[in-house]
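In: sequence? don't have it. structure:
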């Protein structure tokens, strides 16, 4: 009699099958996260994503990301709020808009990552160097201050920047999140 | 004579006075009247947008509102400032709720964002309001067809529904000087400047990819229209030479510098000596 051996017959399973992908713990999902992002600037198109991964193909640095751009969008839709807001990826985003430009569903991917960074900032999760830039803006009203004024004079320019007024910027940022963030980091 | 609000931001006046001066001189040559904006400072950059959206909106809406009072469009030589202003302009024009919120803050200074003037990149104003044909008429020292790779910078090109900037603008402006625009595969790619504060190694890698691509396809010079991109591509060449012995020898020239030279300005007038990778070899490519 002809015996057909299938692979399943040959090995006795020694234990449960190996899981290649850790399953998502559904009880830990934050189902409001999707709506939260959709209510933020440029977040409306989020749920149009059909996970084609064009954004990931367009991203010049997706190869070093653990969570690729399309995965981050999917994680937002699923409600993986903590994972997204704690991810390093949102801060590595070059803001080059290559992903957003190519999205066939018009999901504003880069803009949505900006929304995510704002939510992370609300929880104080910001890389120290970025907090440092916030501090510069809060205290000096600008990111770069003229130091080599002789270079300006060499070029026939006024040594001080004409019209510059740093106080209004400092005052605005003292009333918004920048101040809270800078003080929280001290 | 067209009049503009001239918004220089923080990086151009602090790090690139040669860019600022060359921009002003080029504008003068075409009767574009640039008036420095009174009472403004930094746009905050994408970093402020990332950590404090409301602060970023308000700071830039304020700049736009001041320009509206003056009644002229804003021009800026910086892609970062352009992106902040144009993005805020675009967003507030379409979002009544945020416009009200922002205007409540601006009211303290008797300012209001209405969306009546447009923020523009200086080179776009040059292209649209003056035009390539007028520019060509004033070229006295054309370049001899030397290969120039244009790095446009992400924040003028994308997202295009916001920036409304076409790469052709800059291509035609560069060609007007007599230079040849080199096509290279990574022309759209980021220079890496934005990621410098969080991951320097990655920023260097991006600059290197870009420089290699330009060099491979025959570039002799690079043209940029942004102080951050300019700094990144110029400075990282020095770093790559020091760390890996890789020498690209690609001078990074701000567009008004090269146009200025083609218009017959001398190299001091456009501050060529302030470029880090020596840019003076471009003098050898001027004819006429």
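Out: Yep, that arrived. Predicted model only: the values in this text are computed from it and were never measured. Numbering: from 1, shown residues only, chains lettered A, B, ... in the order given.

In: Apart from its chain neighbours, what residue comes closest to residue 93?
Out: Going with chain A. Setting aside the residues directly before and after it, residue A:93 is nearest to residue A:113 in space (Cβ to Cβ, 6 or more residues apart in numbering or on different chains), at 4.8 Å. C-betas here are computed from N, CA, C, even on glycine.

In: sorry, should have said chain B
Out: residue B:115 (4.4 Å).

In: how about the residue nearest to residue B:140 when sequence neighbours are not counted, secondary structure?
Out: Excluding its sequence neighbours, the residue lying closest to residue B:140 (Cβ to Cβ, 6+ apart) is residue B:264, at 4.1 Å. Applying DSSP: H, G, I helix; E, B strand; the rest coil to residue B:264 yields a three-state assignment of coil.

In: Wait, residue B:264 touches residue B:142, no?
Out: No: the pair residue B:264 / residue B:142 is not scored as a contact, 10.3 Å apart, by Cβ atoms under 8 Å.

In: what about the two, which has more around it?
Out: Legend: neighbour count by other Cβ atoms under 10 Å in any protein chain shown for residue B:264 and residue B:142, higher for residue B:142 (17 against 14).

In: So the nearest residue to that one once chain neighbours are set aside versus residue B:146, what's the distance?
Out: Nearest non-adjacent residue to residue B:142, counting by Cβ to Cβ, 6+ apart: residue B:178, 3.1 Å away. Per Cβ to Cβ, to the nearest Å, residue B:178 is found 8 Å from residue B:146.

In: before we move on, the earlier item: confidence score at the residue nearest to residue B:142?
Out: Note for residue B:178: predicted pLDDT of 98.

In: For burial, what's the neighbour tally of it?
Out: By other Cβ under 10 Å, the residues close to residue B:178 number 20.

In: Any residues of the stretch 51-200 of chain B in contact with chain A? List them.
Out: Within the stretch 51-200 of chain B, the positions near chain A by Cβ under 8 Å from any Cβ of the partner chain are B:51-55, B:58-59, B:62, B:91, B:95, B:98, B:105, B:109, B:154-155, B:157-160, B:188-190, B:192, B:194-195, B:197-199.

In: Of those, keep whichever come out buried.
Out: Among these, those buried by neighbour count (16 or more other Cβ atoms under 10 Å in any protein chain shown) are B:51-55, B:58-59, B:62, B:91, B:98, B:105, B:154-155, B:157-159, B:188-190, B:192, B:194-195, B:197-199.

In: Filter those residues down to the ones in helices?
Out: B:51, B:53-55, B:58-59, B:62, B:91, B:98, B:105, B:154-155, B:157 (DSSP state H).

In: what residues does stretch A:41-57 touch?
Out: Residues outside stretch A:41-57 that contact it (Cβ atoms under 8 Å, 6 or more residues apart in numbering or on different chains): A:34, A:37-38, A:62, A:68-71, A:73-74, A:76-77, A:99-100, A:102-109, A:111-112, A:114-115, B:53, B:91, B:95, B:98.

In: run the last query once more with 6 Å
Out: Stretch A:41-57 is contacted from outside by A:37-38, A:62, A:68-70, A:73-74, A:99, A:102-103, A:105-109, A:111-112, A:115, using Cβ atoms under 6 Å, 6 or more residues apart in numbering or on different chains.

In: Determine the three-state secondary structure at residue A:42.
Out: coil.

In: okay, now it: neighbour count?
Out: Count around residue A:42 with other Cβ under 10 Å applied: 24.

In: How many neighbouring residues does residue A:19 have?
Out: Neighbourhood size, residue A:19 [other Cβ under 10 Å]: 7.

In: what's the spacing between the nearest residue to residue B:212 once chain neighbours are set aside and chain A?
Out: In this structure, residue B:212 finds its nearest non-sequential neighbour in residue B:248, 7.8 Å apart by Cβ to Cβ, 6+ apart. Per Cβ to the nearest Cβ, to the nearest Å, residue B:248 is found 19 Å from chain A.

In: What about residue B:248, how many residues nearby?
Out: Neighbour tally, residue B:248, other Cβ under 10 Å: 20.

In: Confirm that it sits in a helix.
Out: No: counting by three-state DSSP, residue B:248 falls outside a helix, being coil.

In: How about the contacts made by it?
Out: By Cβ under 6 Å, 6+ apart, the neighbours of residue B:248 are B:211, B:215, B:237.

In: any idea whether the second one is helix, strand or coil?
Out: Each residue gets one of three states, and residue B:215 gets helix by three-state DSSP.

In: what's it in contact with, if anything?
Out: residue B:248.

In: Look at it and report its pLDDT.
Out: If you check residue B:215, the pLDDT there is 98.

In: now do the first one
Out: Note for residue B:211: predicted pLDDT of 98.

In: does residue B:133 count as helix, strand or coil?
Out: Residue B:133 ends up helix, using three-state DSSP.

In: what about it, how many residues close to it?
Out: Neighbours of residue B:133 under the rule other Cβ under 10 Å: 8.

In: Show me what stretch A:122-129 is in contact with.
Out: If you take Cβ under 6 Å, 6+ apart as the criterion, stretch A:122-129 is touched by A:91, A:184, B:51, B:197-198.

In: Nearest to residue B:12 among the residues you listed?
Out: Proximity of the contacts of stretch A:122-129 to residue B:12 (Cβ to Cβ) peaks at residue B:197, which lies at 19.2 Å.

In: The closest residue to the closest one other than its chain neighbours and residue A:60, how far apart?
Out: Nearest non-adjacent residue to residue B:197, counting by Cβ to Cβ, 6+ apart: residue A:129, 4.2 Å away. Noted for residue A:129: a distance of 21 Å to residue A:60, by Cβ to Cβ.

In: So residue A:182 is in contact with residue A:134, correct?
Out: Yes: counting by Cβ atoms under 6 Å, residue A:182 does reach residue A:134; the two are 5.3 Å apart.

In: Please say which of those two ends up with more neighbours.
Out: The neighbour count for residue A:182 versus residue A:134, taken as other Cβ under 10 Å, is higher for residue A:134 (26 against 23).

In: Look up how far residue A:43 lies from the residue in the stretch 101-250 of chain B positioned nearest to chain A.
Out: Residue nearest to chain A within the stretch 101-250 of chain B: residue B:158 (3.5 Å; Cβ to the nearest Cβ). Taking Cβ to Cβ as the measure, residue B:158 and residue A:43 are separated by 18 Å.

In: Also residue B:133?
Out: 44 Å.

In: Look up which helix or strand the residue with the shortest distance to the centre of chain A falls in, please.
Out: Centroid-nearest residue in chain A, with Cα atoms, centre = their mean: residue A:90, separated by 2.2 Å. Assessed by DSSP states H and E, residue A:90 sits inside helix A:89-92.

In: Now that helix: average pLDDT?
Out: According to the model, helix A:89-92 has a mean pLDDT of 98.

In: helix or strand right after it?
Out: That would be, after helix A:89-92 and using DSSP H and E, helix A:98-102.

In: Now the helix or strand following that following helix: buried residues?
Out: Heading C-terminal from helix A:98-102, the first helix or strand you meet, by DSSP H and E, is helix A:109-122. By 16+ other Cβ under 10 Å, the buried positions in helix A:109-122 come out as A:109-121.
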